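1. coordinates only, sequence not included:
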């Protein structure tokens with residue numbers, strides 16, 4: 001049996017293949033998973049996504065399995081514990097942003113009913129299906145990711161620039177950027 005054609009950014013690493021095949025571009029509506037993905041995308045800034053995937057379980061353990069209610073209440077001691085954890089990326093500003101982002105996440109839930117409703121409104125609750133033939137065609141940001149970034153920042157989020165927001169949109173399935181030759185690209 002031949003391997004299916006995948007997006008060209010996927011390496012032969014089984015973690016990457018599983019992520020590509022079962023997560024990337026799949027519409028996500030679970031609040032806790034959306035929070036996790038937004039945080040991990042922020043940590044990915046300046047690094048490769050495979051680095052984040054390899055540390056994802058360590059992040060889950062260090063960040064209370066991305067329970068935003070718990071994280072919103074983190075003490076200075078908990079923040080320091082994360083800064084001293086060699087299993088995760090120990091960037092002080094990014095770790096401090098996790099707590100602020102959890103607090104902002106809760107405020108958005110209170111204001112909009114759910115983060116899911118808030119974030120999916122950017123695409124009118126329907127994933128955008130792009131039609132790219134190669135990985136090089138994929139944008140790093142769009143007008144929509146810029147609008148999302150501005151809105152998230154207005155609501156108190158950190159590490160949510162337009163490029164991070166576009167990566168989040170791709171990962172959470174708000175946009176489907178599987179190239180047309182990829183077996184994950186929807187066939188009509």
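-> Yep, it's here. Just so it is clear, the structure is predicted and the values come from calculations on it, not from any experiment.
2. Quick check: the closest residue to residue 106 other than its chain neighbours vs residue 16, distance?
-> Nearest residue to residue 106, sequence neighbours excluded (C-beta to C-beta, 6 or more residues apart in numbering): residue 72, at 5.7 Å. C-beta coordinates here come from the backbone N, C-alpha and C atoms, glycine included. Noted for residue 72: a distance of 32 Å to residue 16, by C-beta to C-beta, to the nearest Å.
3. returning to that earlier point: what about the residue nearest to residue 106, how many residues nearby?
-> 17 (other C-beta atoms under 10 Å).
4. residues touching it, list them.
-> Residues near residue 72 by C-beta atoms under 8 Å, 6 or more residues apart in numbering: 99, 102, 103, 105, 106.
5. Which residues does the helix or strand where the second one lies contact?
-> Right, residue 102. For residue 102, the element it lies in under DSSP states H and E is helix 92-112. Contact partners of helix 92-112, identified using C-beta under 8 Å, 6+ apart, comprise 31, 35, 38-39, 42-43, 45, 63, 68-69, 71-72, 74, 79, 82-83, 115, 118, 121, 152, 155-160.
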